[in-house]
Structure formats: structure tokens, C-alpha cells
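A.B. asks: Using only what follows, build the 3D model:
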Amino acid sequence: MNKFGRFLACLLVLASTASLADAGLLSKSKKKVSTKPKPRTILASKDKLKDTTYKKLEDKKRLNRREKKEIASAEMQAYKDLRNKGYDEVSNTKEAHMLRQYRLRNKKRRGLLRKREASLSHILFPGVSPEEYTSGEEIWIYTDLVESKKTQVPFEVFDLPGFNEVKETKGKKTRRMRRNLGSRLQGYDLKPAPFEMFVLKDTPCTPISQVNIQGKKLRWLRQIIERQYRVHLQLDSLPVLMRSKELNFAVRGYPVGFRSPGGARKELFMYNHFKFTITYQESPEFEGIRITGFDVHPVSIKHEIPKDGEELSSISTCTGFDIENDPSQYVALDVEHEGGVPVVFSYDVQWIKNDLDWTDRWDVYLIGSPDDDIHYYSIINSLMIVLFMTGATATIMIRTLRKDIAGYNEMQALEEVAEETGWKLVHADVFRPPTFSPMLLSVLVGTGAQLGMAVVLAILLSVLKITSTMKKGQMLTSLILLYVLCGAAAGFVSSRIYKFCDAKNWKVNTMLTATALPGTFVLLFAFLNIFLSIAGAATAVSFLTILVLFLLWVCVSAPLVFVGSFVGLKMPTIEVATRTNQISRIIPDAQLVGHPALTMMMGGVLPFGSVCIELAFIMSAMWLHQIYYVMGFLLAVVFILFATCAQVSIVLCYLQLCAEDHRWWWKSFWNCATAGVYLLMYSLWFLTSRLHLVGVLPVVVYVTYMTMISVCFGIFCGAAGFISSFWFTRTIYGAVKVD
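C.D. replies: Got it, this is the predicted structure:
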């Protein structure tokens, strides 16, 4: 086991190295710039606090409970006063920045016991230094995806009319983010957009292309507008943002178009002019400028269509910076228009200086996201379940089992002739291998161990700031690589269980461990990829990516499974304290309370309940494009999930053995694996109540991926339950004296 532990440690180092090589953005700034935040801005003024309290704040001294309560009360009142005066939270004003600081105060603290101040840039992008630009330097906006919450079929920006691909120079390629395996699977491919920009140089209205939209393209464009698709762009790693001071909201991306709000006939219009506003920070502490904001205001305007021979730049409707939305000048997408809809696309750029610090530029993106206190409530909810199960398990282990073991051993010492009762009665059958497919059981448990180890290591890398959830596809890449590298764990666990069952066909066992789950998922993924390719989705995977996945599977994962299996088979068979009779006991009829179907459905409730609150945030991040970054909470929830599965399995296994039923092998697996069924049911509820998907293909994509996730979740919970029950039975039967 020591050698195997060192082997797994080496795998972790390899995975860390791979993740570091894929760690995101390149910075041209040579010097190290500190991103530690300044002390949190206090909304309450000096006259609202006591002199001693304010002096402690200035000196950055530790506050007592009364002073913290005083500050919290003063800040709450100041926040209400500013909001009542009409100040918003999303603009670049000083008051808005103070309001954001107050709203996000809990998110800007790190540490378990003693909280320390931290900026969101430091939390979301650990180790990334700000990039500085000089006046007149050319910079590029990069295209992301065109996606919608109403459908899970994203498209590339260049599928839209008016966006023509720009030929990349060597300089552009070195500046943009390198694509990793996860980003390729998710469809992310940052390419330069057709907008020319120079640092600190305002660009008046500039036309970029003229397109005549008709036929199939026009119908497709109307469809994606109806399904509320949004265009996502990036500048200096900042997603483009739409803000509304009046409505006090900020949302990433801009809509492709919109529907007329009223009238007998609701027409569809598209945006064809983009007003970009870039805010920047200047300071004597560094050279050049730092970008602190990237906003867009889309406009729908009927530009003048140039006549034959006229240049596009000569149109009279595209001048200056004064272009705004005018209902009489909207670009209508009328399918009945003969000859199509001629549209001219244009943009303008304005640079605005503000005092917002670079470390606070991500604040506005998290306004409105759930507070971290909810994650604490999730942990408390899970801990309550664990404490309840711990009490039940302790009652069994300490009181009942100790009494039973002492009674059994005393009877053996006095050589009393008495009929055995309870769980000791099945001591000669409890380690009898399962009659139904011990090979399948060993494969599932080994695969569950592989999944659990890969997930824990991936979350641990994120907690240690080696990977980041904010980097496109980085978490998915680390999960895939760690799953591949943890193949040795699957082979080892599977072979140990299979050898204990005294089975001989170890080659088939090893092959199934290496191919069963990945092979099934590859077939599902390939089948789904056909329909995504037909629909032209950005998530349709190329042949090269599929080839890379196949090579990872065949050349890395499968050999590691064979290595782990070889080590497991070479080790001695797991020893137990009892001998198995040749003829098994007759099992009494089970009561309704102990019926396997009932215990399985009841057993899966508690593992699912321990993660259901955190699961809501993860689902929102996956399907509603919200930001999820609290990986420390997630790591705690995973450990709580394992503890819950172990305790549920032990309690149900003990009750089953007391009922003189020695067939605990498969039941201990399914008692916890049914948590995957509850996850699938929850995902169907999420589909009907939160997503409101439109079309058949988005629903198929969602159900397919959630089915895969539910299967993996169930296999992990089942493996945790089986391993815990196996340890439990070995422990209790090893503590009694058996002839």
C-alpha cells in the first residue's frame, strides 16, 4: 500500500504540472505587481462611528464584537440612505463603487477562522498580474460564444451576419488564451473580432461590413433572437458588459436583437451598431494604463446603404458618437421583404478614465449572485445530516455491537450451548461472494473509486490555486486528465474485490474496468455530436479532439488500469476472520420495512440531501451561465457526501445482518447508488422549472449530459457505500470468537 500511495502522489504531481502548463493568459508585464487589496471601504462616515472605533479602523487593528456590530449597523444605514437617494450599484461612480463594496463584503474575505481582506481579482484569478498598455498600442477584442439560457446549443460569433473572420498575425496569437482540451469540448475558441482599437484613441462610428440577409439566414437569425441569444466578447480577459443605471442591473453579453414591445404585430429587430466604452486606470505606481471596464451599448439603426461604386466609409448615417436607438430607425427583420434585408454593421469606441482600481474590476460581475452565507448554510445542512448519522452509527458501534460482541465471546468462553441469534448467526455466509455478477460489482466499485479520486484531486488543485474555474475549460481539462491518471486506482480496487470473490477471469475484469464507463460515454457523446454538427453548434467536436480523447483512453488510461490491476492481483487475498460454508443458509422472509426496494430508495435520500443546496449553485453555473468559484466549500461538501454514504451504508448493512440476510454485497452498493436517481429527478425538475428550454435538441443535450453526471454520481456513492460496508463487516466479525 505504501508503494501504491507514492505512485498516486506522483500522478498528482503530473496532473499539477499539466494544469500549470495550461494556466491561462500570458502577461507581457515583466515586473511582479502586487494585487493585494486595500482595506475595505467603509460606507459609514466618521461622524456615525465612535472615535475609538474609527481610530481602530484607521490603524487596521482587530475589532471586538461590539465594534463590529456598530460598524455593521452604520454601514447598513448608509447603504439604505444611498439607495434611497437613487444611486445605482453598477455604474463607475464613487457611490456605486462603495455600494458594491458593501454588497460584496463577504465575498472579499478569505480564511476559515480569521477572515482576511482579499480582492475578487485575487480570488478568481490567483497569480494573474495586471496587464499594462501604452498609448497608441493596438489591442484586440476576442469573440467568445453566442449562447442563450433557453437553449444549450451555442454558436460561434462568426456565424452571425456582419462578423467576418480576421486573419491572425503572430502577435495576436501570442496574446490570446491558448485553447485546452476542456475549452475545445465546450466550444470556446477566442478569435479576434473585426474591430480595430488603439489604446486611448477614441474611434468614431466606423462601418465594418454590409450584408444582405435573406432566405435561410434570415429565418435562422429571427429564431435565435426569439430564443434570446446573447453575443459574448472579451477584452483583457473581461467579458463585455451591458449596464443599466435606471434598472440597476449589469449582464454579460449583448442580445443579437429584440422584439417590439407592443402593437398588433410584434416585429423582430436586430442590433447592428455597437458603442464600446472602455474604462481605464492611470497611476504613478505603474507605466501605461490598466483596463478596468469593458461595456457595450447595442443600437439598431437603418444605415444609409451605399450605391454601387461608393465606399462603405462614405455613408452619412455613420459619423461621430451620437448614434442612439430610435424606434423609427430600427432594423426590422421582415421575412416578406423582397430581395432580403440590407444591413450595414458599424461600431464606435470611447476611452474613459476612472478611479476604479484594477483589483476591483470584477466586482460588478458578481452583483446579484448568491451570498457566501448560503454556502455556509449548505455546509451546516450537510453537517446536520452527518451528525445525525454519526449518532446512529455510534449507537450501533459503541452500545449495541459492544454488548453483542461481549455476550458472544462470553458464551464461547463458558462453552454454553445456546442457539446463536442476530448478526453472528450468518458469520459463515457473510463473506460469501455475490451470486449475481461479482465482476460487474468489482468494476463499478473500481470505477467509483477512480471517479471519486479524480474529483477530489481536481477540486484540491483549484483550492490550491493551481487551476481556476474562471479559465475557460481548465476545470474540465483537469478532470479529464486526473480521471485518466487515476486509472491505476480503478484497476487496483477492482482487482482486489474480484480476487476476494475467488473469480478467475481477471483479464475480462481489467478490460471492463478500463472500458465500461468511458466506452459508454464515448458512444453517447459521439451520437450527440452528430446532431450538434448538423445544427452547426459551436460545441460540436472536431475529429482531432475525438482522436485526442481516444489516445488518452487507449494509451494512458487503459495501461494504468492494467498496472493497478497487476499490483492488486499480486497482493495476497484480503483476509477475513470467518470461514465460508459450502452450503448457504436459508434467508428468512424480509419484512416490509426491510424490503430491498424500500431501503434502496430511503438510503439514497440522505446522500443527495447532503449536497442538494450546493448542487443548486453548480447547476446554475453549468446551465444558467452564473459564476461559481467557492471550491473550498465544494471540497467540504464532497467529504461530507462520502461520510454520509459510509454511515448510511453501515447502518443499513447492520440492520440487514441482524435480519439474518447475508446478501449485503449488492445491497450496500445500491443503498447509496440510488442517490444518482434522485439527482436525475432533480435535474428534470430543474429543466421544467428553471431552464424553459426551447426546441428538441437543447432538451436532448441537457438530458444526455445530466444522465451522464447522475450515473457518475451514483457510481461514486455506491462505491463509497460498498467499501464502508466491507470494512464494517470485516471489523465486527473480526472482533468475535468464532469456531
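
A.B. asks: Now do the spatially closest residue to residue 78 that is not a sequence neighbour: how many residues are near it, please.
C.D. replies: Take residue 78 and drop its neighbours on the chain: the residue closest to it by Cβ to Cβ, 6 or more residues apart in numbering is residue 43, 4.0 Å away. In short, each C-beta sits where N, CA and C put it, glycine included. Number of residues near residue 43 (other Cβ atoms under 10 Å) recorded here: 22.

A.B. asks: Residue 277 looks like it's in a strand, true?
C.D. replies: Yes. Checked against DSSP: H, G, I helix; E, B strand; the rest coil, residue 277 lies within a strand.

A.B. asks: picking up where we left off before, wait, doesn't the residue nearest to residue 78 sit right on residue 82?
C.D. replies: Yes. The pair residue 43 / residue 82 is scored as a contact, 7.5 Å apart, by Cβ atoms under 8 Å.

A.B. asks: and for those two, which residues touch both?
C.D. replies: In terms of Cβ atoms under 8 Å, 6 or more residues apart in numbering, residue 43 and residue 82 are both contacted by the residues 98, 99.

A.B. asks: Counting by contacts, list what the longest strand seen in the chain packs against.
C.D. replies: Across the chain, the longest stretch assigned as strand under DSSP state E is strand 341-353. Contacts defined by 3 or more Cβ pairs under 8 Å, 6 or more residues apart in numbering; DSSP states H and E place strand 341-353 against strand 203-213, strand 273-281, strand 331-332.

A.B. asks: Could you list the buried residues of the helix or strand that comes right after it?
C.D. replies: Counting by DSSP states H and E, the next helix or strand C-terminal to strand 341-353 is helix 372-394. Neighbour-count burial for helix 372-394 flags 372, 375, 378, 379, 381, 382, 385, 386, 389, 393 (criterion: 16 or more other Cβ atoms under 10 Å).

A.B. asks: Just give me the closest of these to residue 199.
C.D. replies: residue 372 (36.2 Å; Cβ to Cβ).

A.B. asks: circling back to that earlier point, any chance of the buried residues of helix 372-394 in a markdown table, with pLDDT and distance to residue 628 too?
C.D. replies: Formatted as a markdown table, the buried residues of helix 372-394 follow (pLDDT from 0 to 100; distance: Cβ to Cβ, whole Å):
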| residue | pLDDT | distance to residue 628 |
| --- | --- | --- |
| 372 | 56 | 12 |
| 375 | 64 | 10 |
| 378 | 70 | 13 |
| 379 | 74 | 15 |
| 381 | 72 | 18 |
| 382 | 74 | 17 |
| 385 | 75 | 22 |
| 386 | 77 | 23 |
| 389 | 74 | 27 |
| 393 | 72 | 32 |
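
A.B. asks: With distance to residue 634 added, can I get the residues you listed in CSV?
C.D. replies: Output for the buried residues of helix 372-394, formatted as CSV (distance: Cβ to Cβ, whole Å):
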residue, distance to residue 634
372, 13
375, 9
378, 10
379, 10
381, 14
382, 11
385, 17
386, 16
389, 21
393, 25
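
A.B. asks: Closest one of these to residue 705?
C.D. replies: Comparing these against residue 705 with Cβ to Cβ places residue 378 closest, at 23.1 Å.

A.B. asks: Could you measure from that closest one over to residue 367?
C.D. replies: Using Cβ to Cβ, to the nearest Å, residue 378 is found at 21 Å from residue 367.

A.B. asks: Likewise for residue 284?
C.D. replies: Distance, residue 284 to residue 367, by Cβ to Cβ: 30 Å.

A.B. asks: The two: who's more crowded?
C.D. replies: residue 367 (17 against 5).

A.B. asks: What confidence value was assigned to residue 730?
C.D. replies: pLDDT for residue 730: 85.

A.B. asks: which residue sits closest to it, ignoring its sequence neighbours?
C.D. replies: Of all residues beyond its chain neighbours, the one nearest residue 730 is residue 576 (5.8 Å), with distances taken as Cβ to Cβ, 6+ apart.

A.B. asks: need the contact list for the one you found.
C.D. replies: By Cβ under 8 Å, 6+ apart, the neighbours of residue 576 are 431, 730, 733, 734.

A.B. asks: How about residue 440?
C.D. replies: The contact partners of residue 440, taken as Cβ under 8 Å, 6+ apart, are residue 512.
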